[in-house]
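Q: Next come a sequence and a model predicted from it.
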Amino acid sequence: MSATITTAEPQPAPVPRSRKLWPPLVRPAAAVLAGALLYASFPPRPLWWLVLPGFALLGWVLTARRLRAALGLGLLAGLGFMLPLLRWTGEEVGPVPWIALAFAEALFIAIGCAGVAAVSRLPYWPVWAAAVWTLDEALRARAPFGGFPWGKIAFGQAESAFLPLAALGGTPLLSFAVVLCGFGLLEAVRQVRRYRTTGTVPRSGVVAAAVTVAAPVAAALAALPLVDDSPEDGTATVAAIQGNVPRLGLDFNSQRRAVLDNHAERTEQLAQDVKAGKVPRPDFVLWPENSSDLDPYRNADAREAIARAVRAIGAPTVIGAVLTPDSGPLRNTLIEWDPQDGPVDTYDKRHIQPFGEYMPMRSVARIFSKDVDRVQRDFGPGSEVGVFDLAGTKVGLVTCYEAAFDGAVRDTVKDGGQLIAVPSNNATFGRSEMTYQQLAMSQVRAVEHGRSVVVPVTSGVSAVIRPDGTIVQKTKMFTPDALVEEVPLRSSLTPATRLGVLPEGVLALLALAGLGWATARAVRVRQERKEPTPGTENVPAAP
């Protein structure tokens, strides 16, 4: 009788659970981090350069991903970007509207990221990918409800080395160049790693990395001469009034007379300072949006308070008012008020804010928030471009939210504006980052169109910006103040102003061409996988 001894084969050591989980979580975590880096590159932080590693990381996350995976990863990146960026939208109405808006914007970004993944297999992929991102921004700026351009990459570049590109091709070209450089950085890192691993690098890879990093930088340097703040048409002395509001939040509208009185009193104080020789006499004065929510055409007390302040300063003044006709929608209106003749011209805001100034799908929106009923009567949009002649200066008018829309600003310059005014009301959003994000938009617009930009705000931050994007004066938040500054006036048009939507259209066509090419390649690959190997068509299957 013999015994057989068997030895069990050694089993592999169990992999710790954390190791099993970690690899699948790397890309989702990196996607969120990429979005967070994009957010961190926006004002009030002076960290514009974080956008470059943000897109390099996002490119790594999306490269060669399948459509479904790219959509999911893109959604995570979009939420990492939009949730903190748009936090101010829930300042007074709670988290539901904020989260809903951020999620909707993140969905757009997810679709764009799927497009980036699709073109990531093409030669010179950073070019196609940056064009796809720019196309996605263009769509987001137009739909739904007229679009919501907030978060456009160009608006985070007010202090960046790429800013001169805004004068060449507007915000679409600026966004494209920044995204291209970020994706190009990823390609450069890949080529360095490949060289260290194999000792060789394909020439095409070297060229792609070099061009996609160097070309945006070179283009920005080449565009520097387009940034000019010389006074082509002389100068004008402008005053921006910040009257402040008596209390933060939405309820400030219930204190409309106090808000009006604050702006009237601060204007009268400025008149006293002028008489005392403390500040120069302004050629014209700008009040913010909603500085008179009492309709001066229907309310005698409001009319007299405005007239008294304007007579005191002795200069034409732009008043931000809410007009309340007997029927039809309300009007968010800027009124040119002459010291002798009273109201002589008006501009009605053209891009009104959905869910703020009017309520689309009211019954549906009410399911998510009862605050929709605070908008009891909708505002209606104007149809005419606003340019006032103030003491001989043609001033283009862009009311608050409109500063985010390329066409709204460009129209005022093409219609003769020598200076851009952006009367705004940010009191609803408290001390959030919203006012700094909007101020950065105005800096970009100054360079884009080569114009001084003056931003009077009810509660801050009000500012005066030169045509090179430099802020020369600004106020503190929730502090009554008056800014008086001599600014250059200009009438020449930058290439961006002349070209209009053409750069955006070219980039959109480039994106569509890349997506079409990627789709055709994918279809061809699938067909090749299905075709039998040549010479084996008639070989019988093995039994």
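A: It's in. Residues are numbered from 1 along each chain as shown.

Q: Might one say that residue 399 is in contact with residue 424?
A: Yes - at 7.4 Å, residue 399 counts as touching residue 424 under the criterion of CB atoms under 8 Å. Every residue, glycine included, has its C-beta placed from N, CA and C.

Q: so what sits against both of those two?
A: Residues touching both residue 399 and residue 424 by CB atoms under 8 Å, 6 or more residues apart in numbering: residue 289.

Q: Report the contact partners of residue 46.
A: By CB under 8 Å, 6+ apart, the contact set of residue 46 is residue 159.

Q: what secondary structure does it sit in?
A: Following DSSP: H, G, I helix; E, B strand; the rest coil, we place residue 46 in the coil state.

Q: how far away is it from residue 156?
A: Distance from residue 46 to residue 156, counting by CB to CB, to the nearest Å: 11 Å.

Q: Residue 364 now?
A: 32 Å.

Q: ok, now residue 474?
A: Residue 474 sits 18 Å away from residue 156, taking CB to CB as the criterion.

Q: If you count surrounding residues, which of the two has more?
A: The residue with more neighbours, out of residue 474 and residue 156, is residue 156; 29 against 18, by other CB atoms under 10 Å.

Q: My read is that the more buried one contacts residue 43, right?
A: Yes - if you go by CB under 8 Å, residue 156 and residue 43 touch, sitting 7.1 Å apart.

Q: Spit out the residues that contact these two alike.
A: residue 440.

Q: buried residues in the helix or strand hosting residue 523?
A: In this structure, residue 523 sits in helix 502-530 according to DSSP states H and E. Within helix 502-530, the residues that qualify as buried are 503-504, 506-508, 510-511, 514-515, 517-518, counting by 16 or more other CB atoms under 10 Å.

Q: which ones are touching residue 397?
A: Residue 397 neighbours (CB under 8 Å, 6+ apart): 318, 334, 347, 386-388, 412, 421, 423.

Q: The same query, at a cut-off of 7 Å, please.
A: 334, 347, 386-388, 412, 421 (CB atoms under 7 Å, 6 or more residues apart in numbering).

Q: could I get those as a markdown table with neighbour count and distance to residue 57?
A: Output for those, formatted as a markdown table (neighbours: other CB atoms under 10 Å; distance: CB to CB, whole Å):
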| residue | neighbour count | distance to residue 57 |
| --- | --- | --- |
| 334 | 28 | 43 |
| 347 | 25 | 44 |
| 386 | 27 | 42 |
| 387 | 21 | 44 |
| 388 | 22 | 46 |
| 412 | 25 | 38 |
| 421 | 29 | 39 |
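
Q: and the closest residue to residue 73 other than its chain neighbours, how many neighbours?
A: Distances taken as CB to CB, 6 or more residues apart in numbering place residue 31 nearest to residue 73, at 4.4 Å, with adjacent residues excluded. For residue 31, the neighbour count with other CB under 10 Å is 26.

Q: For stretch 459-476, list every residue counted as buried.
A: 459-469, 471, 474-475.

Q: List the contacts of it.
A: Under CB under 7 Å, 6+ apart, the answer for stretch 459-476 is 158, 163, 227-229, 240, 242, 244-245, 426-427, 435-436, 439, 442-443, 446-447, 450-456, 477-479, 481, 483, 485, 487-488, 490.

Q: switch to 6 Å and redo it
A: With CB atoms under 6 Å, 6 or more residues apart in numbering as the test, stretch 459-476 has contacts from 227, 229, 240, 242, 244-245, 427, 435, 439, 442-443, 446-447, 450-456, 477-478, 481, 483, 485.

Q: can you pull the pLDDT of the closest residue in space to residue 324 that isn't next to it in sequence?
A: Leaving aside its chain neighbours, residue 324 sits nearest to residue 295 (4.7 Å; criterion: CB to CB, 6+ apart). pLDDT recorded at residue 295 is 96.

Q: Also residue 448?
A: Value for residue 448, per-residue pLDDT: 98.

Q: in what helix or strand does it lie?
A: Per DSSP H and E: residue 448 is located in helix 434-449.

Q: Please apply the same query to residue 388.
A: Residue 388 belongs to strand 387-390, assigned by DSSP H and E.

Q: Following the chain onward from that strand, which element is next?
A: strand 393-397.

Q: Given that next one, what are its sheet partners and their directions?
A: strand 387-390 (antiparallel), strand 419-421 (parallel) (DSSP bridges).

Q: okay if I get the ones you listed as TSV plus mean pLDDT and distance to residue 175?
A: Output for those, formatted as TSV (pLDDT from 0 to 100; distance: least, CB to CB, whole Å):
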stretch	mean pLDDT	distance to residue 175
strand 387-390	98	27
strand 419-421	98	21
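
Q: could those go into CSV alongside distance to residue 114?
A: As requested, the strands paired with strand 393-397 are exported to CSV (distance: least, CB to CB, whole Å):
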stretch, distance to residue 114
strand 387-390, 42
strand 419-421, 37
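
Q: Among those strands, which comes closest to residue 291?
A: Residue 291 lies closest to strand 419-421 among those, at 12.8 Å (CB to CB).

Q: now that closest one, how far from the centre of its chain.
A: Remark: strand 419-421 is offset 19 Å from the chain centroid, using CA atoms, centre = their mean, to the nearest Å.

Q: Touching it from outside, list them.
A: Residues contacting strand 419-421 (CB under 6 Å, 6+ apart): 286, 395-397, 451-454, 489.

Q: Could you export those residues to JSON lines, including columns for distance to residue 37 and pLDDT?
A: Shown next, in JSON lines, are the contacts of strand 419-421 (distance: CB to CB, whole Å; pLDDT from 0 to 100):
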{"residue": "286", "distance to residue 37": "36", "pLDDT": "98"}
{"residue": "395", "distance to residue 37": "38", "pLDDT": "98"}
{"residue": "396", "distance to residue 37": "35", "pLDDT": "98"}
{"residue": "397", "distance to residue 37": "36", "pLDDT": "98"}
{"residue": "451", "distance to residue 37": "32", "pLDDT": "98"}
{"residue": "452", "distance to residue 37": "33", "pLDDT": "98"}
{"residue": "453", "distance to residue 37": "28", "pLDDT": "98"}
{"residue": "454", "distance to residue 37": "32", "pLDDT": "98"}
{"residue": "489", "distance to residue 37": "39", "pLDDT": "98"}
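
Q: Adding distance to residue 324, write those residues out as a markdown table.
A: Shown next, in a markdown table, are these (distance: CB to CB, whole Å):
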| residue | distance to residue 324 |
| --- | --- |
| 286 | 23 |
| 395 | 25 |
| 396 | 26 |
| 397 | 21 |
| 451 | 33 |
| 452 | 33 |
| 453 | 30 |
| 454 | 27 |
| 489 | 35 |
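
Q: ok, those residues vs residue 236, which is closest?
A: residue 489 (5.7 Å).

Q: Backbone dihedrals for that closest one, please?
A: With angles defined as degrees, to the nearest 10, residue 489 shows backbone torsions of phi -110, psi 140.

Q: Residue 421 versus that one, what's the distance?
A: Taking CB to CB, one finds residue 489 at 13 Å from residue 421.

Q: Please confirm that residue 321 is located within a strand.
A: Yes - the assignment for residue 321 (three-state DSSP) places it in a strand.

Q: ok, now how distant is it from residue 295?
A: In this view, residue 321 and residue 295 are 6 Å apart by CB to CB.

Q: more neighbours, these two?
A: Counted by other CB under 10 Å, residue 321 and residue 295 do not tie: residue 321 has more neighbours, with 27 against 18.

Q: Could you report the distance from the residue nearest to residue 324 to residue 529?
A: 70 Å.
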